[in-house]
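# Using only what follows, build the 3D model:
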Amino acid sequence: MARFEHTVTLAPVPRRWLESCVAMLHDLAQDTEAEAGRLLLPDGRPLPGLVLEQGRHLRPGARYRSVPAEDGEPEADQCVTVLAWDRRRKTALEIVTVEDDRGHPVRIDCALGLTSAERPREASLSATLSTSGRKRAKYLGGTGRVDLDLAGWWQASGTGRRPSRAPLRGTLTHALARVTVTVTVVPRPAPDGRWRVTVKARVRGRSFARPLLPLAAAVLGRHARREAAAALDRAAAAWNTHVPALVRKDAGRLRAEVADALLDP
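Numbering: from 1, shown residues only. The predicted model follows:
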């Protein structure tokens, strides 16, 4: 089993700001309308790039497909399905993408969940990659999942009390290598009001991969840790560059900017 740990300092995101933005995005979607499959923004402007193919708009079972700008016909290889849409309870979407790589289809199934848009408490993202049409295709896929406990995050980042479990947790499993990577992220307040965020990763092997991990860690471990730490430092620098300006914008201004961005995909 190999382990990694690194800490970065991040500009904080105010809880009330995040909650207002989540509610704003949910309301913006709720305020759109569907006419003969076309989606319209609240001000009547047509939303390009997406059409309602099946079901009632924003009801469980509603299915949307992406539309290329060239011919305006729905693409058969990408769709979004509403699994749940309740502002006070849960919002959940399924996104399926299929790409044909030289006759070897690759399918990515993603599921996003939020409880709830009115007062966000938990969020999750899961993904499954599968392939077909080639030898040993079942070994070329993998799965991943990320869970965020927002209540635990606010408690840990605001009070510094150690949570009973990491507020942000993720796993990544590769079918061929039979390796599972588990990542946990725990924040705590820094003296200047920012967040000190510690990322820990643990790599476990299964079956034939188990005895190979110590060898791989001995040969590649130090280099891999340096690269992972450098990547986290770069991500933190980008976060600290953009987030402070972003959180100074109120929900109304962000709603207008999001609506304009949707018109220029």
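
# Surely W85 touches R56?
No: the pair W85 / R56 is not scored as a contact, 10.3 Å apart, by C-beta atoms under 8 Å. Glycine gets a C-beta too; all of them are placed from N, C-alpha and C.

# ok, these two, which is more surrounded?
Of the pair W85 and R56, W85 is the one with more neighbours under other C-beta atoms under 10 Å, namely 19 against 11.

# Just list whatever residues bridge to that one.
T91 (DSSP bridges).

# From A36, how far out is it?
21 Å (C-beta to C-beta, to the nearest Å).

# Please enumerate the strands of the stretch 101-250 of the chain.
104-115, 122-131, 142-149, 168-174, 179-189, 195-205 (DSSP state E, counting those that start in this stretch).

# quick one, the helix or strand of the chain with the lowest mean pLDDT and strand 179-189 angle?
Here the helix or strand of the chain ranked lowest by mean pLDDT, DSSP states H and E is helix 212-246, holding a mean of 80. Taking axes from the mean of the first three to the mean of the last three C-alpha atoms, to 10 degrees, helix 212-246 and strand 179-189 form an angle of 40 degrees between their directions.

# mind pulling up the phi and psi values for G160?
phi 80, psi 0 (degrees, to the nearest 10).

# residue contacts, it?
Going by C-beta atoms under 8 Å, 6 or more residues apart in numbering, G160 touches R188, P189.

# who touches the spatially most central residue of the chain in this structure?
The centroid of the chain falls nearest to L125 when counting by C-alpha atoms, centre = their mean (5.4 Å). With contacts defined as C-beta under 8 Å, 6+ apart, the neighbours of L125 are C110, A111, L112, G113, R145, V146.

# can you pull up the bridge partners for it?
According to DSSP bridges, beta-bridge pairing links L125 with L112, V146.

# list the helices and strands the least confident helix or strand of the chain packs on?
With contacts taken as 3 or more C-beta pairs under 8 Å, 6 or more residues apart in numbering; DSSP states H and E, helix 212-246 sits against strand 2-10, strand 195-205.

# switch the cut-off to 10 Å
strand 2-10, strand 179-189, strand 195-205 (3 or more C-beta pairs under 10 Å, 6 or more residues apart in numbering; DSSP states H and E).

# what separates that helix from the chain centre, distance-wise?
19 Å (C-alpha atoms, centre = their mean, to the nearest Å).

# Stretch 238-255 too?
Per C-alpha atoms, centre = their mean, the displacement of stretch 238-255 from the mean C-alpha position of its chain is 19 Å.

# which parts of that stretch are buried?
The neighbour-count check on stretch 238-255 (16 or more other C-beta atoms under 10 Å) flags W239, A251, L254, R255 as buried.

# correct me, but Q78 touches E94?
No: using C-beta atoms under 10 Å, Q78 is not in contact with E94; the gap is 11.8 Å.

# Outside of stretch 21-30 itself, list whatever touches it.
By C-beta atoms under 10 Å, 6 or more residues apart in numbering, the residues outside stretch 21-30 that reach it are 13, 39, 41-42, 57-58, 82, 85-87, 91, 114, 116-120, 123, 150, 246-247, 249-256, 258-259, 262.

# List the buried residues in it.
So for stretch 21-30, counting by 16+ other C-beta under 10 Å, buried means C21, V22, A23, M24, L25, H26, L28, A29.

# For those residues, could you give me TSV that also reports pLDDT and secondary structure?
Output for the buried residues of stretch 21-30, formatted as TSV (pLDDT from 0 to 100; DSSP: H, G, I helix; E, B strand; the rest coil):
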residue	pLDDT	secondary structure
C21	93	helix
V22	94	helix
A23	93	helix
M24	93	helix
L25	93	helix
H26	94	helix
L28	92	helix
A29	93	helix
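
# so which of those residues comes closest to V186?
Using C-beta to C-beta, V22 is the member of those that sits closest to V186, with 22.1 Å.

# Please report how far that closest one lies from T9.
25 Å.
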